[in-house]
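Asker: I need the structure of the sequence given here:
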Amino acid sequence: MTVTSGRSALAVTAVRKAYGDHVVLDGIDLDIPTGSVFALLGPNGAGKTTLVQILSTLIRADAGEMRVAGHDVVREPDAVRAAIGVTGQFSAVDNFLTGEENLLLMADLLRLPRPQRRRRVAELLRRFDLVGAARNPAATYSGGMRRRLDLAMTLVGRPRVIFLDEPTTGLDPRSRRTMWEIIRELVANDGVTIFLTTQYLEEADQLANRIAVLHRGRLVAQGTAAELKRQVGGGHITLRFADARGYHHAARTLDVVSRDDEARTLRIASQGDVRSVRELLDRLDRAQLTVDELQVRAPDLDDVFFALTGNPVTEQEQAR
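Answerer: Residues are numbered from 1 along each chain as shown. Model prediction:
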């Protein structure tokens, strides 16, 4: 995904937030380029939603400097609100209104000029494939349709920065991938900046230009997905041998991480890239060892997450 050059869409320095003795955010620094997708990962209770609430002016930080779309969050909250959109994991859709009425209500709240309201709503209904259901009550919508309508409502005012707080929670795989395509198009075609919090590590891997991991109120890592994977390692190659002689010879000569004598399998530490696989195959060939099965597992964001936080994604949330 191409990143638009220019000033930062979000600049955060030394942000801190505590509730009594419980420190939720402890010195957060971020610099997110315009026209990019930034993903914030972390266990439940790490402070992800709290940071989104601060940057979207819903709550105040105890300390730190923050600029969103060029505006100071503390001194210019109205300008920040005018430049952002927020879509949370819980839909803001009114079930008793139709999809079209929900969008018109949002246009009224944003005080769009009257001639523009109908045009903007019609445009968003087409864009999010909701024309056929536009005059149906939102209560009849599927989960994926409701989430698309929710995001369409966020876009009525043409925000420059969009906060997506776990936007695909509860969606089926097909609906989740549809949302991914919409997010990609928003960045590519509209030039918006996406601040994404998610517990789906594949989602961050698919969408984000840069990723940060938040743990116990601190950012413990930042970088591209590839950089974070290289940082923690965790990849390996598994070899299974048909004959005992080859298995035991390989176990003595290769850099074995673990072994299963009964299954005659060896796990070899590796980044899982083409070069490392080729080098291993060359060593096996020189030793005249025949492998019955070879499996490659490159490091993924699961490895990054568990290495940096030590907590399962699904652990009970203790703080927001």
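
Asker: Quick check: bridge partners of R16?
Answerer: Taking DSSP bridges, one obtains D26, A63 as the residues bridged to R16.

Asker: tell me the contacts of it?
Answerer: Contact analysis of R16 by CB atoms under 8 Å, 6 or more residues apart in numbering lists V23, L25, D26, G27, I28, A61, D62, A63, G64. (Glycine included, C-beta is placed from N, CA and C.)

Asker: Return the residues in contact with the first one.
Answerer: V23 sits next to R16, K17, G217 when contact means CB under 8 Å, 6+ apart.

Asker: at 10 Å what do you get?
Answerer: By CB atoms under 10 Å, 6 or more residues apart in numbering, the residues touching V23 are R16, K17, G47, D62, R216, G217, R218, A319.

Asker: quick one, phi/psi of the third one?
Answerer: Right, G47. phi 110, psi 10 (degrees, to the nearest 10).

Asker: these two touch, right, it and I28?
Answerer: Yes. Assessed by CB atoms under 10 Å, G47 is found in contact with I28 at 8.2 Å.

Asker: Now list whatever residues contact both of those two.
Answerer: V15, K17, L40, I54, L214, G217, R218, L219.

Asker: could the contacts of R16 go into a markdown table alongside pLDDT and distance to E262?
Answerer: Output for those, formatted as a markdown table (pLDDT from 0 to 100; distance: CB to CB, whole Å):
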| residue | pLDDT | distance to E262 |
| --- | --- | --- |
| V23 | 96 | 49 |
| L25 | 97 | 49 |
| D26 | 96 | 48 |
| G27 | 96 | 50 |
| I28 | 97 | 49 |
| A61 | 97 | 56 |
| D62 | 97 | 57 |
| A63 | 97 | 58 |
| G64 | 97 | 56 |
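
Asker: just curious, which of the residues you listed is nearest to D292?
Answerer: Taking CB to CB as the measure, D292 sits nearest to I28 out of the contacts of R16, at 50.2 Å.

Asker: what's the burial count for that closest one?
Answerer: 25 (other CB atoms under 10 Å).

Asker: hmm, back to that, tell me the buried residues within the shared contacts of G47 and I28.
Answerer: For these, a burial check counting by 16 or more other CB atoms under 10 Å picks out V15, K17, L40, I54, L214, G217, L219.

Asker: So which of the residues you listed sit within helices?
Answerer: I54 (DSSP state H).

Asker: Spatially nearest residue to the spatially most central residue of the chain (excluding sequence neighbours)?
Answerer: Nearest to the geometric centre of the chain sits A204, at 3.3 Å (CA atoms, centre = their mean). Nearest non-adjacent residue to A204, counting by CB to CB, 6 or more residues apart in numbering: A39, 3.8 Å away.

Asker: same deal with V93?
Answerer: The shortest distance from V93 to any non-neighbouring residue, by CB to CB, 6+ apart, is to A138 (4.8 Å).

Asker: separation between the one you found and T169?
Answerer: Applying CB to CB, to the nearest Å, the value for A138 to T169 is 18 Å.

Asker: Out of the contacts of V23, show me where the pLDDT dips lowest.
Answerer: Within those, A319 has the lowest pLDDT, namely 42.

Asker: got the contact list for the closest residue to P77 other than its chain neighbours?
Answerer: Distances taken as CB to CB, 6+ apart put T57 closest to P77, at 4.4 Å, once the chain neighbours are dropped. Residues near T57 by CB under 10 Å, 6+ apart: 66, 68, 71, 73-74, 76-81, 84, 86.

Asker: phi, psi of T57?
Answerer: With angles defined as degrees, to the nearest 10, T57 sits at phi 70, psi 10.

Asker: want to throw the buried ones among the shared contacts of G47 and I28 into CSV with distance to T238?
Answerer: As requested, the buried ones among the shared contacts of G47 and I28 are arranged in CSV below (distance: CB to CB, whole Å):
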residue, distance to T238
V15, 43
K17, 44
L40, 33
I54, 45
L214, 32
G217, 38
L219, 34
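
Asker: Out of the buried ones among the shared contacts of G47 and I28, the closest to R283 would be?
Answerer: R283 lies nearest to L219 out of the buried ones among the shared contacts of G47 and I28, by CB to CB, at 39.6 Å.

Asker: and the closest one, bridged to which residues?
Answerer: Residues in a beta bridge with L219, per DSSP bridges, are L214.

Asker: how does this protein divide up, domain by domain?
Answerer: Here the domain parsing of the chain from automatic domain parsing is 8-93+141-230, 235-298.

Asker: Check those for me: which has the lowest mean pLDDT.
Answerer: Across those, domain 235-298 has the smallest mean pLDDT, namely a mean of 88.

Asker: if I read this right, F163 contacts A39, doesn't it?
Answerer: No. At 11.9 Å, F163 does not count as touching A39 under the criterion of CB under 10 Å.
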